[in-house]
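[1] quick one: sequence and predicted model below, then my questions.
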Amino acid sequence: MSTRPGARPSSGTILAWIIVVVISLIAGALVVLNAAAIVRSFWPPEPASSQGHAINNLYTIVFIIAAIIFFVVEGLIIWTVLRYRRREGDDELPPQTHGHNLAEVVWTVVPTIIVIFLFIVSWQTLITVEATAAQPDLKVRAHAGQFQWTFDYLAADADAEDPAIFTVSAPMAPDGGLVLPAGQTTHLYLTSQDVIHAFYVPQFLFKRDVVPGMVNEFDLTLDTDDAGQVFRGQCAELCGTGHRIMTFDVSVMTPDDFQVWYDQKVTEAEASPPPPPSGEPGGSGGPPPGGGPVIGIVAVSVQFNVEELSAPANAPFTIQLDNQDAGTPHDVDILDEAGTKVFDGKDFNGVATEDYAVPPLDPGTYTFLCSIHPDLMNGTLTVQ
């Protein structure tokens, strides 16, 4: 876009400069308008627990120290480039300095002080996050299995291996997930039956591995201001082909609402019959309860063994689900062509077998699926 001295700029040159100025103004406006979002992007999510606040404070301290060092170093580099740039007539090297006691002391002592300080504050944060209460308000066992989370609510004096008072199998709210009281201390046990998983909720600001053969545990105290919130959790360790669906919700309730929910779950658990023995249809050993033909489905490795089923129209039939995935819940639901659920089978943990009595269905094409793993376990049911 250069022109000869005294020559008038061409229309193309003027247009090019106009475009450059307009683009620069737009870019500057976008930066100004999104300044808050840009600054916020340097920080982790807003913490939702007392442990998360401790981690967030540590992050802020480290970030500020790193920012100061960055601007000091970059400022000195820029100052040096400008101050000692070569000027016209500079044909000789400037005086050379060999050794400087004060500079050497500064660049040795200052980093040492910074490292010692960071060690102390990091250690204090670690002690805070790792601390566990002698008498927590609630104990929960979060059990990970390919590719599902289940949550066992334990008695106050229970250990990680003790039986649950009740279990929440569905991982997502509002019917399932991890439900916790705000402002109270929850002690979580993490267990796995197969491979390494990871318990991760962004608002908690930390991740814990779930390792087969061992129990990881920690305390969690959610903020009272977050009562009514639902946070999304996930497995953060690649655990197989279904890793992407291994998510769960964390619903935060006030202590009073949580107690109502807890008492309701205890009542439901006490009213439910014991699970059927492995290998017996429905635990009865008798004929299927639904009458009509029996359709067998096997669930193994979070997959159905069949993708197509057929059943008689306008007549009852029985679906017998053999769940061979130990500790992992499955069920069978049936949806019509519009996606409306026409049959809802109860989920249960493997290894076990369950008979579902399906009422008569009109002729047509339906979808059968596991409501807990719908992306991996589904097929077509033809009723004719």
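    Ah, there it is. Residues are numbered from 1 along each chain as shown.
[2] report the buried residues of stretch 308-325.
    For stretch 308-325, a neighbour-count test (16 or more other Cβ atoms under 10 Å) marks 309, 311, 316, 317, 318, 319, 320, 321, 322, 323, 324, 325 as buried. The C-beta positions use only the backbone N, C-alpha and C, and glycine is treated the same way.
[3] which pair of those residues spans the longest distance?
    316 and 325 (27.6 Å; Cβ to Cβ).
[4] show me the helices in the stretch 101-250 of the chain, by range?
    Ranges of helices in the stretch 101-250 of the chain, per DSSP state H, counting those that start in this stretch, are 101-130.
[5] coming back round to it: tell me the one of the buried residues of stretch 308-325 nearest residue 204?
    residue 325 (28.0 Å).
[6] show me what contacts the closest one?
    145, 146, 299, 300, 301, 302, 350, 351 (Cβ atoms under 8 Å, 6 or more residues apart in numbering).
[7] same thing with residue 199?
    Neighbours of residue 199 in contact, by Cβ under 8 Å, 6+ apart: 142, 144, 188, 190, 207, 208, 209, 210, 233, 235, 236.
[8] tell me how many other residues surround the fourth one.
    Okay, so that is residue 190. Other residues within reach of residue 190, judged by other Cβ atoms under 10 Å, total 22.
[9] quickly list what it is bridged to.
    The residues listed as beta-bridge partners of residue 190 by DSSP bridges are residue 142, residue 216.
[10] quick check: it vs residue 198, distance?
    Here residue 190 is placed at a distance of 9 Å from residue 198 (Cβ to Cβ, to the nearest Å).
[11] per-domain residue ranges of this protein.
    Listed by automatic domain parsing, the domain ranges of the chain are 28-83+99-130, 138-271, 281-383.
[12] between the ones you listed, which has the poorest mean confidence score?
    Mean pLDDT is lowest for domain 281-383 among the domains of the chain, at a mean of 84.
[13] could you check how far that one is from the centre of its chain?
    29 Å (Cα atoms, centre = their mean, to the nearest Å).
[14] same check on stretch 202-213?
    9 Å.
[15] still on that earlier bit, let me know the closest of the contacts of residue 325 to residue 366.
    Nearest member of the contacts of residue 325 to residue 366, counting by Cβ to Cβ, is residue 299, at 18.3 Å.
[16] these two touch, right, that closest one and residue 370?
    Yes - using Cβ atoms under 8 Å as the test, residue 299 is close enough to residue 370 to be in contact (7.0 Å).
[17] so which of those two has more stuff around it?
    residue 370 (25 against 22).
[18] quick check: the more buried one touching residue 377?
    Yes - Residue 370 lies in contact with residue 377 (Cβ under 8 Å); the separation is 3.8 Å.
[19] fine by me, thanks again.
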